[in-house]
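**Student:** Quick one: sequence plus predicted model below, questions after.
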Amino acid sequence: MANKFGLDIHLPKELRLLLEIIKVENEDDFWKIREELFINIDWELFLQIVRHHRVHPLIYSKINKIDKKLIPAYVIKTLSQDYKNNTFQMLHLSGEMEQLSKLFTENQIRVLFLKGPVIAADLYGDISLRTSKDLDILIPIDDLKKAEKLLLNCGYVKEEFPWDEWKWMNHHVSFFDPQKRIEIEIHWRLHSPPWKEPSFNNLWQRKRTSLLTTYPVYLLGKEDLFLFLVSHGARHGWFRLRWLIDIDQMVKNGLHIDKIHFLLRDYQYHHMVGQALILANHLLNTSIDEGFNKLTTDKYSQKLAQRTLPFVKEMSKFNFQKDYLFLLKSKKQKFLFIVRSLFLPSTPDTETLWLPKSLHVLYFPLRPFLWAWRKTRRST
């Protein structure tokens, strides 16, 4: 499977069929899918791939229009149930999202919803067409303690966070409500340092109001959202097609290309945008505007795209973590990453040597020795 960018990888027949169904825009498009693609399909594997890529609601909405003789009845029934379950989940999250927006606003906390139902409604016009397991919220770091207190008073439980006193090393913390079965990620940055990003005030100035709820719910501006979703997908190796479909949908909905190029001066995600557009074009036939040519013809962007294709094929989120993530970084970020890895404490340090919270400062001078100890243990 090769294209104009020179990408090449052999994809399983089940994944190729899935990609063809995703590309369908209307009922007439189904006649363009070659009938032989439906022959000798391992339908159990097909369902596994659909669920892994979190595209079951979208796939079900499309195969409803197809000749039912081509797909086994049990496959359609399974996807139908998955679609219903997801719709209930998204309605559940939508209600909580509106309540949280009201709670935070009434307590003078500005809040931007990064993902969840608000994104499904914005991108697809229908919350049932996208999946989401939790709510991601961005707030100013100065309001973090106040937000934590509000959530705890509402019944949420905070995750164990060994480096609570060093928030500059992280970018979010999770809360879970055992009664509602809802998880919330509170972000004070879009991404962990040293990745560059606009200030919260700049993001707030460009915010939009969702039409999904009665009480105002705010989300990122269109171009900010595009760059956030690009960087999120890139850092996860695009191992779920759902993220690429989001990019495809945003391109179809229309983007202000000049604004994106302007914002890239703050974000510095040039290679990741090029990678995302190349992959979307290669796998989903996403049309790429000429204004993005400089990004998509960049050799490094093409290298990153080729590197990512096996993650899509293998349905793995573990094989790329170290060397791939290092490739994504700029030279300056690589230098800062090495310094951080060598000298700043991390969770493995607490697992190697437990210290009470009052002595956590000792992890800084001990970091090189704890790192060397783990390396020695692995080699023996």
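**Tutor:** Structure received.
**Student:** can you pull out the helices in the stretch 201-350 of the chain?
**Tutor:** In the stretch 201-350 of the chain, the segments counted as helices under DSSP state H, counting those that start in this stretch are 222-235, 241-253, 257-267, 270-284, 293-296, 299-314, 323-328, 331-343, 347-352.
**Student:** need the ones you listed in TSV with mean neighbour count and mean pLDDT, can you?
**Tutor:** C-beta here means a position set from N, CA and C on the backbone, and glycine is covered the same way. As requested, the helices of the stretch 201-350 of the chain are arranged in TSV below (neighbours: other CB atoms under 10 Å; pLDDT from 0 to 100):
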stretch	mean neighbour count	mean pLDDT
helix 222-235	22	95
helix 241-253	21	96
helix 257-267	15	89
helix 270-284	25	94
helix 293-296	17	92
helix 299-314	18	90
helix 323-328	14	75
helix 331-343	12	63
helix 347-352	14	74
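**Student:** Quick one, which of the ones you listed gets closest to Trp204.
**Tutor:** Of all the helices of the stretch 201-350 of the chain, helix 222-235 sits nearest to Trp204, with 10.3 Å by CB to CB.
**Student:** name the helices or strands packed onto that closest one?
**Tutor:** When contacts are defined as 3 or more CB pairs under 8 Å, 6 or more residues apart in numbering; DSSP states H and E, helix 222-235 sits against helix 241-253, helix 257-267, helix 270-284, helix 323-328.
**Student:** picking up where we left off before, right, and the helices of the stretch 201-350 of the chain - which one's nearest Cys154?
**Tutor:** Cys154 lies closest to helix 222-235 among the helices of the stretch 201-350 of the chain, at 26.4 Å (CB to CB).
**Student:** quick one: low-confidence parts of the stretch 101-250 of the chain?
**Tutor:** Scanning the stretch 101-250 of the chain for pLDDT under 70 picks out the ranges 161-169, 194.
**Student:** let's see 90
**Tutor:** 159-172, 191-197, 235 (pLDDT under 90).
**Student:** Strands of that one, residue ranges please.
**Tutor:** Counting by DSSP state E, counting those that start in this stretch, the stretch 101-250 of the chain has strands at residues 112-113, 135-138, 157-158, 172-177, 182-187, 208-209, 218-219.
**Student:** could those strands go into JSON lines alongside mean neighbour count?
**Tutor:** Converted to JSON lines, the strands of the stretch 101-250 of the chain look like this (neighbours: other CB atoms under 10 Å):
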{"stretch": "strand 112-113", "mean neighbour count": "24"}
{"stretch": "strand 135-138", "mean neighbour count": "23"}
{"stretch": "strand 157-158", "mean neighbour count": "12"}
{"stretch": "strand 172-177", "mean neighbour count": "18"}
{"stretch": "strand 182-187", "mean neighbour count": "20"}
{"stretch": "strand 208-209", "mean neighbour count": "13"}
{"stretch": "strand 218-219", "mean neighbour count": "20"}
